[in-house]
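*Asks:* Fold the following.
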Amino acid sequence: MTDLFDPCEFNGFKLQNRIALSPLTRTRSNDAGEAGPLQALYYAQRASAGLLITEATPVAPGGRGGPNIPGLWSDDQVAGWKLVTDAVHAKGGLIFSQLWHAGRLSHSSLGGGEPPVAPSAMRQPGQIFTAEGPKDYEEARALRTDEIPGVVEMFRAAARRAKAAGFDGVELHAAHSYLIDAFLRDMTNKRTDAYGGSIENRARLLVEVLQAIIGEWGGERTAVRLAPIGHAYQAWDSDPEPLFTHVVERLNDLKVGWLDMVEGDTGVSRTAEPSFDLQKLRRLFKGVVIANNMYDRDLAIAARAADSADMIAFGRPFIGNPDLVERLRRNAPLIEADPRAYYGGGAKGYTDFPTLEDAAAAS
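*Replies:* Sure thing, here's the model as predicted:
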């Protein structure tokens, strides 16, 4: 027996189960970064999850990690997301918007010709996909201290737009070496001002952004994604345990309601030895912990049996299985989506996967 599929209540929300849809970038917006009926159908199809968290949603054009990603940097983008939230709510679901700035992992072609920004000047190895195809990452410039309040305001404004769009809450993307995470880690943050050096200073931008978001939403409707032992984009921290212990303590001070914790590197085997026991953070955090990364049915049930997390997030299994919750409940076979359809395109590989009910009717 497991309570994974049972209704539960957290932070004043009544959830259908303890399963979350992990954020999944699908790059299917129009050129203006607007969501629309296609995204509304996609999320509504997956509304049986206890909580849906949207794809990473940029707070600025230059905060995108690629083209055709629906954003919340403009009031013009609110209406499209309102179609999404209305469709999810009509199915009885709950949905948070994940707010994001890609930092150095963006490109000048996405930011109106301006170079990407970062805590410190740095060029990411490799390439980024742009509207003109793959391009080398560019040298990111270090944000000036006097520019940082403007970054905070970008997140505040996007959080306000998320409320206007009808979301139930927001999640701050503070993982995977994107802008907020890059400030946290000593490998990517070489600053000597109030935003660099000590752990407290490196966490300052995270705290200021959260204060802005909580000012719009309150702590119970605010989540944070962290990847304490991740090495995304070949970046990490030399001593993550004291860093993320401090971060979680600050989340508690701010009364943040949800911690979406990626247990390693996304899409990488879970067998690698972690640099410290993440259960320390689970025990320290006072809100809801969502465990994330490479979970399957057995691992999720085991995690709930051990109470190692309050909820379990599933990512790629939700792509080909809009009714993933029911398939997991019945221990039914899962459809494996073709990775070539993960990004870009239209309905094919996005909203055209059959549910168990569809398959039964067809047969």
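*Asks:* Tell me what His173 is bridged to.
*Replies:* Arg225 (DSSP bridges).
*Asks:* hang on, isn't it packed against Phe155?
*Replies:* No. Using CB atoms under 8 Å, His173 is not in contact with Phe155; the gap is 10.1 Å. For every residue, glycine as well, the C-beta is placed using N, CA and C.
*Asks:* and for these two, which residues touch both?
*Replies:* With contacts defined as CB atoms under 8 Å, 6 or more residues apart in numbering, the residues shared by His173 and Phe155 are Leu99, His101.
*Asks:* and the end-to-end length of stretch 217-224?
*Replies:* For stretch 217-224, the separation between the terminal residues is 13 Å (CA to CA, to the nearest Å).
*Asks:* oh, I was asking about stretch 301-309
*Replies:* So stretch 301-309: terminal residues 11 Å apart, CA to CA.
*Asks:* which other residues reach it?
*Replies:* The contact list for stretch 301-309, computed with CB under 8 Å, 6+ apart, reads Thr2, Asp3, Leu4, Arg18, Met261, Gln279, Arg282, Val289, Ile290, Ala291, Tyr295, Ile312.
*Asks:* how many neighbours does the second one have?
*Replies:* Residues lying near Asp3 (other CB atoms under 10 Å) number 13.
*Asks:* distance of the nearest residue to it once chain neighbours are set aside from Glu216?
*Replies:* Once flanking residues are discounted, Asp3 sits nearest to Arg304: 5.9 Å by CB to CB, 6 or more residues apart in numbering. From Arg304 across to Glu216, the span is 32 Å (CB to CB, to the nearest Å).
*Asks:* Leu21 too?
*Replies:* For Leu21, the distance to Glu216 - CB to CB - is 23 Å.
*Asks:* Name the residue in these two with the higher neighbour count.
*Replies:* Taking neighbours as other CB under 10 Å, Leu21 and Glu216 compare with Leu21 leading, 27 against 18.
*Asks:* Cross-check the contact I'm expecting between the more buried one and Arg46.
*Replies:* Yes. Taking CB under 8 Å as the definition, Leu21 is a contact partner of Arg46 at 5.4 Å.
*Asks:* Between these two, which contacts overlap?
*Replies:* Common neighbours of Leu21 and Arg46, counting by CB under 8 Å, 6+ apart, are Leu52, Phe318.
*Asks:* what number of residues lie near the residue nearest to Asp3?
*Replies:* With other CB under 10 Å as criterion, Arg304 counts 20.
*Asks:* And the lengthiest helix in the chain, what's buried?
*Replies:* In the chain, taking DSSP state H as the definition, the longest helix is helix 148-164. Applying a neighbour-count criterion of 16 or more other CB atoms under 10 Å, one finds 148, 151-152, 154-163 buried in helix 148-164.
*Asks:* go on, stretch 106-124?
*Replies:* 106-107, 109-111, 115-120, 122, 124.
*Asks:* now stretch 293-306
*Replies:* Quick answer for stretch 293-306 (16+ other CB under 10 Å): Asn293, Met294, Tyr295, Arg297, Ala300, Ile301, Ala303, Arg304.
*Asks:* Distance from that stretch to the middle of the chain?
*Replies:* Its chain's C-alpha centre and that of stretch 293-306 lie 20 Å apart, by CA atoms, centre = their mean, to the nearest Å.
*Asks:* Over to stretch 346-353?
*Replies:* Chain-centre distance of stretch 346-353: 21 Å, with CA atoms, centre = their mean.
*Asks:* quick one: contacts of that stretch?
*Replies:* Contacts for stretch 346-353 (CB under 8 Å, 6+ apart): 26, 28, 38, 41-42, 45, 319-322, 335, 337-338, 340-342.
*Asks:* Okay, buried residues for it please.
*Replies:* By neighbour count on 16+ other CB under 10 Å, the buried set for stretch 346-353 is Gly349, Tyr350, Thr351, Phe353.
*Asks:* mean confidence score for that stretch?
*Replies:* For stretch 346-353, mean pLDDT is 97.
*Asks:* and if you look at stretch 327-343?
*Replies:* Per-residue scores along stretch 327-343 average to 96.
*Asks:* in stretch 13-32, what's buried?
*Replies:* Under the neighbour-count criterion of 16+ other CB under 10 Å, stretch 13-32 has 13, 15-29 buried.
*Asks:* how far does that stretch stretch from start to finish?
*Replies:* 33 Å.
*Asks:* Please apply the same query to stretch 258-278.
*Replies:* Its first and final residues considered, stretch 258-278 spans 16 Å by CA to CA.
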